[in-house]
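**Q** with the input below, show me the fold.
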Amino acid sequence: MRTPGGDFFIGQYVSRGPGRDALDPVNPTIVIRPWHLLPSKYAEGYKEGVHGVIVKTLSYSPSALESRVKHDNRLNFALAALEAADVDSASYPILTDGNGNITENIQGNVWIVKDGVLKTPTNRSSLAGDAQRLIFELAKNLSIEAKSEDVQPYDMYTADELFFSNTAYGLMPISKMDNRPIEGNIPGPITRQLMAAWSERAGVDIIDQANNYTAPDNQDLVIN
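**A** Sure, this is the predicted structure:
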């Protein structure tokens, strides 16, 4: 059991189970793991923005491994994180496909705002994220034009606003790309609108929660 209080992740992990090779009959191994979410670690990013680094490590080609499925066969993500850290130790890596198009961050989707239009890379080579789908819905409700299309590094360098999205932090503004500062206020006006709409949908102010969150005692899993 876990100490009551706070917010939790619930992770579901399914493997094929034991077997000598892919043709052996197997019984899948299923693990469900809860652990505390710590919103406080996102507080500075909400206020100041985080840094992105476009790495040379590529996303998997969909012809080799389906990109839209959430899976843990992600050695390229580990390599991308190491590569980005060599450039900026506090950065979030951003991968591309074999054609130079932006795909995703290792834990979420990537968004740009240019001339009032919200854009995110297609899901040809990136995860079809739940947070991504929700942001499209929120943007529609706010009458913000939003589309999925090819995004190049140049588009990120020249964007009016940039942010990441995932289910843990919702939206995370980006203040610097490849050591290039993003001009204007951080977060930008459209990012702020979407963050407010996310908070309203979630029923909790995500920024206030991050600023004032105190983790429960004894967060580790206790086996009785």
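**Q** name the nearest residue to the residue nearest the centre of the chain, sequence neighbours excluded.
**A** In the chain, the C-alpha closest to the average C-alpha coordinate belongs to residue 108, at a distance of 2.0 Å (CA atoms, centre = their mean). Spatial nearest neighbour of residue 108, excluding adjacent residues (CB to CB, 6 or more residues apart in numbering): residue 166 at 3.2 Å. C-beta coordinates here come from the backbone N, C-alpha and C atoms, glycine included.
**Q** can you pull the contacts of that neighbour?
**A** The contact partners of residue 166, taken as CB atoms under 8 Å, 6 or more residues apart in numbering, are 105, 107-109, 129, 131, 172.
**Q** tell me the two of these that are most distant?
**A** 129 and 172 (13.0 Å; CB to CB).
**Q** more neighbours: those two, which one.
**A** For residue 129 and residue 172, the more surrounded residue by other CB atoms under 10 Å is residue 172, and the numbers stand at 25 against 20.
**Q** name the element the more buried one belongs to?
**A** strand 170-177 (DSSP states H and E).
**Q** hmm, back to that, the residue nearest to the centre of the chain against residue 170, yeah?
**A** No. No contact is recorded between residue 108 and residue 170 when judged using CB atoms under 8 Å, the distance being 9.8 Å.
**Q** turn the contacts of residue 166 into a markdown table, columns for pLDDT, distance to residue 189 and secondary structure.
**A** Formatted as a markdown table, the contacts of residue 166 follow (pLDDT from 0 to 100; distance: CB to CB, whole Å; DSSP: H, G, I helix; E, B strand; the rest coil):
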| residue | pLDDT | distance to residue 189 | secondary structure |
| --- | --- | --- | --- |
| 105 | 95 | 22 | strand |
| 107 | 85 | 25 | coil |
| 108 | 91 | 21 | strand |
| 109 | 96 | 20 | strand |
| 129 | 88 | 23 | coil |
| 131 | 95 | 20 | helix |
| 172 | 98 | 16 | strand |
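**Q** name the next helix or strand downstream of the helix-or-strand element of the chain with minimal mean pLDDT, please.
**A** Among the helical and strand segments of the chain, the one scoring lowest on mean pLDDT, DSSP states H and E is strand 8-15, with a mean of 84. Using DSSP H and E, the helix or strand that follows strand 8-15 towards the C-terminus is strand 29-36.
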